[in-house]
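Colleague: model the following, please.
(2 chains)
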Amino acid sequence: MVSDDDLAEALKAAIAGDEAGFAVLWRSLQPAVLRYLRVVVGGAAEDVASETWLQAARDLHRFEGGPPAFRGWLFRIARHRAIDERRRSARRPEEPSASFDDDTARAPARDAASEVVEGSDTAWALRLIAALPPDQAEAVMLRVVAGLDVAATAKVLGKRPGTVRVATMRGLRRLAANPQVQARADRARWLGDIGGNPVGRAGPERV
Amino acid sequence: MGLWGALQGAMRTRRTRRIGLAEADRLVAGKPSSPDPWGLGVLLDAAKAPPSVDELAGERAAVAGFLAAHRKAAATTPSKRRNRAQLRLSARAVALKVAAAVTVLAMGGTAVAAQTGKLPAGAQQRAHDMLSSLGVPAPDDGPRPAPTGPVRPSTSAQPSATPTPPTSATTDPVALTLCQQWDAANRKPHGKALTAEAKHALAEAAGGPSKVAEFCVALLGNPTATPTGPATATPSQPGNGSGNGKGKGHDTTRPTPSPQDPRGK
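Modeller: Numbering: from 1, shown residues only, chains lettered A, B, ... in the order given. From the prediction side, this is the model:
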């Protein structure tokens, strides 16, 4: 992850029209944008991510603020483009829909594509998160993957900060109850303890 | 310690303690208060793992889009403004022109393809830049797709010495195709809609979704100035005639093929 200081430089350059600055922004934020969109629009994620960046490029000269604000701004664009995409796909009944709630319908297609594309662990995690109720999935993605704070997430989602915190908490609870999560965590724990190389997040009292 | 710790971990408070608001905040921050009794660390780490190569594959296209957008934003030169003003059409006029363009389209793609060079140079170039970068995945080491294509009005090869400015360069065949699709979709509102990418690429090339109509009308040609004779439409020979004489008020139904055009005959 690029530090906010470096991002600030890149942001300033990009606003002035510098392509290298824009490239830095893109490289550091595109993965999170793409993953967020994978959870929200499934197979259309790459297209919507392109649209997001194009709109960002167009409107960048009007943007004012530092990297944290830019992050929120970018994800707000991504969310709007995702909503547009869902409307479009709803109007296209002949094509397989990437509806937000219809996780089972889009899971197989995404499986095949993204297991190869981005490594099975990340794909697996995104799939589980995408299976959450939409508000929880979005909150978890924006908080955990996009790295937005509660206030920024609330702004992106158009909700109150308290609502965002609750949605995040419920999403995490649901994920924690998922047998797949528990199985992987157990495996990681065993491997970590046996190998002396803790996977996950060992706290101080673990040692 | 290892095995015992693992057993303890496994038997620990999993789901006996629910995740609360504060704990959720700590998990999000990657700092759970205890060594992750919920096993969420593995999942959350995977979700925000470092990017794969494929996730970063679109950088060239993204940067190309940025450059095009920036050029557009910076384009406030007087000549551009004049061109914009020229292009500004009332919705009614656009509708009329679209209807007329449909007629032209029905006569064959080449007649329309030849109707190029009407866009401001900047718009032409933008159209090409945007559409080639979006529509065609750029090869990793290849140069940006050159504006090759059958419809390249050759400014030097026009014996009739038309006042075509040399700047009204080339027309991207992709843009033309998209505009034709756009036009077809307009004719049949319940028919096959444009794909999202096509729509977006068009909007980008045109300078905004609201300008697509102007853009495509200009690209497809100004039918009101088009000779009514369909003789120039020879779909199987895209290069034929290079479109010279089109829209210049000539009465000729078929312009003299340029001597320097190897495809003309």
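
Colleague: flag the shaky bits of chain B, pLDDT-wise.
Modeller: Scanning chain B for pLDDT under 70 picks out B:1-16, B:75-173, B:187-193, B:221-265.

Colleague: got a list of what the one residue in it that gets nearest to chain A touches?
Modeller: When scored by Cβ to the nearest Cβ, chain B has B:Gly39 as its residue closest to chain A, at 2.3 Å. C-betas here are computed from N, CA, C, even on glycine. Counting by Cβ atoms under 8 Å, 6 or more residues apart in numbering or on different chains, B:Gly39 makes contact with A:176, A:181-182, A:184-186, A:188-189, A:200, B:14.

Colleague: which one of those has the most neighbours?
Modeller: Neighbour counts for the contacts of B:Gly39, by other Cβ atoms under 10 Å in any protein chain shown, peak at A:Arg189, which reaches 27 neighbours.

Colleague: in space, what's closest to A:Ile15 - neighbours in sequence excluded?
Modeller: Of all residues not flanking A:Ile15 in the chain, A:Leu60 sits nearest, at 5.6 Å (Cβ to Cβ, 6 or more residues apart in numbering or on different chains).

Colleague: number of residues surrounding that neighbour?
Modeller: 24.

Colleague: wait, it sits on A:Ala13?
Modeller: No - applying Cβ atoms under 8 Å, one finds A:Leu60 not in contact with A:Ala13, separated by 10.7 Å.

Colleague: separation between the residue nearest the centre of chain A and A:Ala183?
Modeller: Computing the C-alpha centroid of chain A and ranking residues by Cα atoms, centre = their mean puts A:Tyr36 first, at 2.5 Å. Distance of A:Tyr36 to A:Ala183, computed by Cβ to Cβ, to the nearest Å: 26 Å.

Colleague: same deal with A:Val150?
Modeller: As defined by Cβ to Cβ, A:Val150 lies at a distance of 31 Å from A:Ala183.

Colleague: so between the two, which is more surrounded?
Modeller: Between A:Val150 and A:Ala183, counted using other Cβ under 10 Å, the more crowded position is A:Val150 (19 against 12).

Colleague: pull the contacting residues for the closest residue to that one other than its chain neighbours.
Modeller: Of all residues not flanking A:Val150 in the chain, A:Pro161 sits nearest, at 4.8 Å (Cβ to Cβ, 6+ apart). Going by Cβ under 8 Å, 6+ apart, A:Pro161 touches A:150-151, A:153-154.

Colleague: same thing but 7 Å
Modeller: If you count contacts by Cβ atoms under 7 Å, 6 or more residues apart in numbering or on different chains, A:Pro161 has them with A:150-151, A:154.

Colleague: from those, which single one is nearest chain B?
Modeller: Distances from chain B to the contacts of A:Pro161, taken by Cβ to the nearest Cβ, are shortest for A:Val150, at 7.8 Å.

Colleague: hmm, the closest one is touching A:Val164, no?
Modeller: Yes - using Cβ atoms under 7 Å, A:Val150 makes contact with A:Val164 at a distance of 5.5 Å.

Colleague: state which helix of chain A is the longest.
Modeller: Counting residues, the longest helix in chain A under DSSP state H turns out to be helix A:67-91.

Colleague: so which bits of it are buried?
Modeller: Residues A:67-68, A:70-79, A:81-82, A:84-86, A:88-89 are the ones in helix A:67-91 that count as buried (16 or more other Cβ atoms under 10 Å in any protein chain shown).

Colleague: what is the burial count for A:Ala52?
Modeller: If you look again at residue A:52, you'll see it is Thr, not Ala. 26.

Colleague: what's the separation between it and chain B?
Modeller: 10 Å (Cβ to the nearest Cβ, to the nearest Å).

Colleague: helices and strands of chain A: which one has the lowest mean pLDDT?
Modeller: Each helix and strand of chain A was given a mean pLDDT (mean pLDDT, DSSP states H and E); the minimum falls on helix A:103-118 at a mean of 45.

Colleague: counting contacts, what elements does the helix or strand that that helix is followed by pack onto?
Modeller: Next along the chain after helix A:103-118, taking DSSP states H and E as the criterion, comes helix A:120-130. Secondary-structure packing of helix A:120-130 (3 or more Cβ pairs under 7 Å, 6 or more residues apart in numbering or on different chains; DSSP states H and E): helix A:19-41, helix A:103-118, helix A:134-140, helix B:40-47.

Colleague: tell me the buried residues in the shortest one?
Modeller: Looking back up the chat, that one is helix A:134-140. A:135-140.

Colleague: ok, these vs chain B, which is closest?
Modeller: For the buried residues of helix A:134-140, the nearest to chain B is A:Val140 (8.0 Å; Cβ to the nearest Cβ).

Colleague: just checking, that closest one touches A:Met169?
Modeller: No - counting by Cβ under 7 Å, A:Val140 does not reach A:Met169; the two are 9.7 Å apart.

Colleague: what touches both of the two?
Modeller: With Cβ under 7 Å, 6+ apart, A:Val140 and A:Met169 have no common neighbours.

Colleague: give me the element the residue nearest to A:Pro67 when sequence neighbours are not counted is part of.
Modeller: Distances taken as Cβ to Cβ, 6+ apart put A:Leu7 closest to A:Pro67, at 4.0 Å, once the chain neighbours are dropped. Assigning secondary structure by DSSP H and E places A:Leu7 in helix A:4-15.

Colleague: quick one: classify the one residue in chain A that gets nearest to chain B as helix, strand or coil.
Modeller: Closest residue of chain A to chain B, Cβ to the nearest Cβ: A:Ala185 (2.3 Å). Here A:Ala185 is helix, with the state taken from DSSP: H, G, I helix; E, B strand; the rest coil.

Colleague: model confidence for it, exactly?
Modeller: Listed pLDDT for A:Ala185 reads 82.

Colleague: next: A:Lys12.
Modeller: Listed pLDDT for A:Lys12 reads 95.

Colleague: what is the neighbour count of it?
Modeller: Residues near A:Lys12, counting by other Cβ under 10 Å, number 12.

Colleague: any idea how far the residue nearest to it when sequence neighbours are not counted is from A:Ala78?
Modeller: Closest residue to A:Lys12 apart from its sequence neighbours, by Cβ to Cβ, 6+ apart: A:Gly21 at 7.1 Å. Distance, A:Gly21 to A:Ala78, by Cβ to Cβ: 20 Å.

Colleague: ok, now A:Asn178?
Modeller: From A:Asn178 to A:Ala78 the distance is 26 Å (Cβ to Cβ).

Colleague: now do B:Gly39
Modeller: Per Cβ to Cβ, B:Gly39 is found 29 Å from A:Ala78.

Colleague: again with B:Glu55
Modeller: 14 Å.

Colleague: low-confidence ranges, chain A, go.
Modeller: When residues are selected by pLDDT under 70, those of chain A lie in A:1, A:93-119, A:193-207.

Colleague: redo that, cut-off 80
Modeller: Applying pLDDT under 80 to chain A flags the ranges A:1-3, A:92-120, A:188-189, A:191-207.

Colleague: re the thing from before, so the helix holding A:Leu7 versus helix A:19-41, what angle?
Modeller: Here the directions of helix A:4-15 and helix A:19-41 differ by 100 degrees (axes from the mean of the first three to the mean of the last three Cα atoms, to 10 degrees).

Colleague: C-alpha coordinates for helix A:4-15, PDB please?
Modeller: These are the backbone C-alpha positions of helix A:4-15, laid out as PDB (Å, rounded to 0.1, in the frame of the first residue of the first chain):
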ATOM      1  CA  ASP A   4      -0.800   8.800   2.100                       C
ATOM      2  CA  ASP A   5       2.200  11.100   1.700                       C
ATOM      3  CA  ASP A   6       3.200   9.500  -1.600                       C
ATOM      4  CA  LEU A   7      -0.400   9.400  -2.600                       C
ATOM      5  CA  ALA A   8      -0.800  13.100  -1.800                       C
ATOM      6  CA  GLU A   9       2.100  13.900  -4.200                       C
ATOM      7  CA  ALA A  10       0.500  11.600  -6.900                       C
ATOM      8  CA  LEU A  11      -2.900  13.200  -6.400                       C
ATOM      9  CA  LYS A  12      -1.600  16.700  -6.800                       C
ATOM     10  CA  ALA A  13       0.200  15.700 -10.000                       C
ATOM     11  CA  ALA A  14      -2.800  13.900 -11.400                       C
ATOM     12  CA  ILE A  15      -5.000  16.900 -10.700                       C
END
